[in-house]
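[1] Sequence and computational prediction follow.
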Amino acid sequence: MDALVFRLPWNDLLGTFALVLRGAAMVAVVPIYGSEAVPKRVRIGLAVLLAVIVAPVVPPVPAGVGILRLVVVESLVGFVIGYAAAMTVEITLYAGGLAGYPTGLAMAAMLDPVTQMQAPTIGIFYRLMGMLVFVAIGGPEQVLGVLARSWEIVPPGGAVLDGPWLPFVVQVSARVITLGFRLAAPIMVTGFLVDLGLMLVNRAVPQMHVLVVGAPIRLGVGLVVAGLSLRLMAPLLTETFRGTTHDVARFLRVLAGS
């Protein structure tokens, strides 16, 4: 009698593992979904749900792809997708930190509800505003759309790591750092002009305590300019997010070897 042979669907298991791994790497760092306020079980469940949704249309893993290569490739693709979106939002915290020095608000720190770490108050405010803008422009839905299209461009295990993909990651970082300086530029320039005016007043009236008189002036002017400059946040974030989305698409095409 022939022996009963039971074969596991190894390719299907690898494909499911690849789908979950790419989704989990993206969810771990993307704004909103990857926040520390979201329980880990919810994030893992979201990654599994994404894998279940796209599994019927994703091709299987090619034969001969090792598990180590699969882990590296899928983690890299998912991480870069989430990293591009996360940097677009997190750079607002950096912009708020830059804006805090001319206004004197850099000394005021509080517990960040997102990272559970101490951060400048104005930086936390900027980041919360950035997250609201990110949600308003449909950022979470667009990130999920990019993740879904990534399996069409780069099938599971089909990435080519020896291509020139690193410059695109650097380009994303440079784009979002430029966003941080553009967001903080109005307050930084205003702070410089206020300091210049106080310096001239000090030269004209040496008896005046510029440090005592200038602190509330810098704070008041800085808050007014910060409020007025918030109108620039939505268009700048939208422009940068669209640019990073295009950079990620080019990055995926390079990984696909096209």
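    Looks like it came in fine.
[2] Do I have it right that V160 meets F251?
    No. Applying Cβ atoms under 8 Å as the test, V160 and F251 come out as separate, 12.0 Å apart. The way it works is simple: take the backbone N, C-alpha and C, and place the C-beta from them, glycine included.
[3] what about the two, which has more around it?
    Taking other Cβ atoms under 10 Å, V160 and F251 do not tie; F251 has more neighbours (28 against 13).
[4] A106 - how many residues pack around it?
    Per other Cβ under 10 Å, the neighbour tally for A106 reads 17.
[5] ok, it touching A184?
    No. With contact defined as Cβ under 8 Å, A106 does not count as touching A184 (11.5 Å).
[6] Okay, and the closest residue to R182 other than its chain neighbours sits in which element?
    Using Cβ to Cβ, 6 or more residues apart in numbering and skipping the chain neighbours, the partner closest in space to R182 is L236 (5.8 Å). Here L236, judged by DSSP states H and E, is contained in helix 233-255.
[7] Quick one: mean pLDDT over that helix.
    Rounded to a whole number, the mean pLDDT of helix 233-255 is 85.
[8] which residues does the closest residue to L105 other than its chain neighbours contact?
    Spatially, and ignoring its direct neighbours in sequence, L105 is nearest to I122 (4.5 Å; Cβ to Cβ, 6+ apart). Listed by Cβ atoms under 8 Å, 6 or more residues apart in numbering, the contact partners of I122 are 96-97, 99-100, 103, 105-106, 108, 226.
[9] out of the residues you listed, who's nearest V133?
    Closest approach to V133 among these (Cβ to Cβ): G96, at 13.7 Å.
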